[in-house]
Every structure is written in structure tokens, then in C-alpha cells.
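Asks: pasting a predicted model and its sequence here:
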Amino acid sequence: MCDYSDWVYEKGYQTGYQQAYQQAYQEEVRKYAVNTAEKMMKDGNLPDEKIAKIAGLSLEEVQQLRNHPENGSDQS
């Protein structure tokens with residue numbers, strides 16, 4: 001049977017791991033969405049509203065990518 005300090009340590013470790021995993025997952029999802037939007041913008045035939053809907057980004061994010069593409073893939 002483990003004591004309270006072991007339990008607290010284990011819970012803290014699990015919580016930290018889960019938070020780190022969730023953050024990494026969200027960053028990868030965003031990178032994929034930005035990459036998708038950038039590919040659609042290169043095609044040049046879709047309005048920003050459609051790109052935002054398909055890529056899962058806000059209209060403001062798509063407009064920011066269009067105006068400053070160098071910021072897209074590095075943003076969190």
C-alpha cells in the first residue's frame with residue numbers, strides 16, 4: 001500500500017503528462033489545419049470563408065495567414 005505522498009506524486013505526474021499530451025495534440029491539429037488552408041490558398045479559387053470552414057480555422061485566422069503566411073505554421 002502506498003502512502004499519501006506517493007499518491008500525490010503519481011497524480012501530479014499523470015496530470016502533467018495528460019496536459020502535455022493534450023497540448024502537443026492541439027498543436028499538431030493546428031499545424032494540419034494551417035497546412036490545409038495554405039494549400040487551398042495556393043489554388044486561389046476558394047474564398048476565405050470556404051477555406052476557414054474546410055480547414056477548421058476562423059475567418060480571422062485565414063485572413064491572417066493570407067496577409068502573413070510566414071506566421072502560420074509556427075503559431076500556437
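Replies: Here it is on my side, so go on.
Asks: any idea which residue sits dead centre in the chain?
Replies: The chain has residue 30 as the residue nearest its centroid, 2.6 Å off, counting by CA atoms, centre = their mean.
Asks: and it, its phi and psi?
Replies: phi -60, psi -40 (degrees, to the nearest 10).
Asks: tell me which element residue 62 is part of?
Replies: For residue 62, the host element (DSSP states H and E) is helix 59-67.
Asks: and that helix, what other elements does it pack with?
Replies: Here helix 59-67 touches helix 4-43, helix 48-55, going by 3 or more CB pairs under 8 Å, 6 or more residues apart in numbering; DSSP states H and E. In short, each C-beta sits where N, CA and C put it, glycine included.
Asks: give me whichever of those is most buried.
Replies: Mean neighbours per residue, mean count of other CB atoms under 10 Å, is largest over the helices and strands packed on helix 59-67 for helix 48-55, with a mean of 16.
Asks: now this protein, which segments are flagged as low pLDDT?
Replies: Scanning the chain for pLDDT under 70 picks out the ranges 1-2, 69-76.
Asks: rerun that using 80 as the cut-off
Replies: For the chain, the stretches with pLDDT under 80 are 1-2, 4, 6-14, 69-76.
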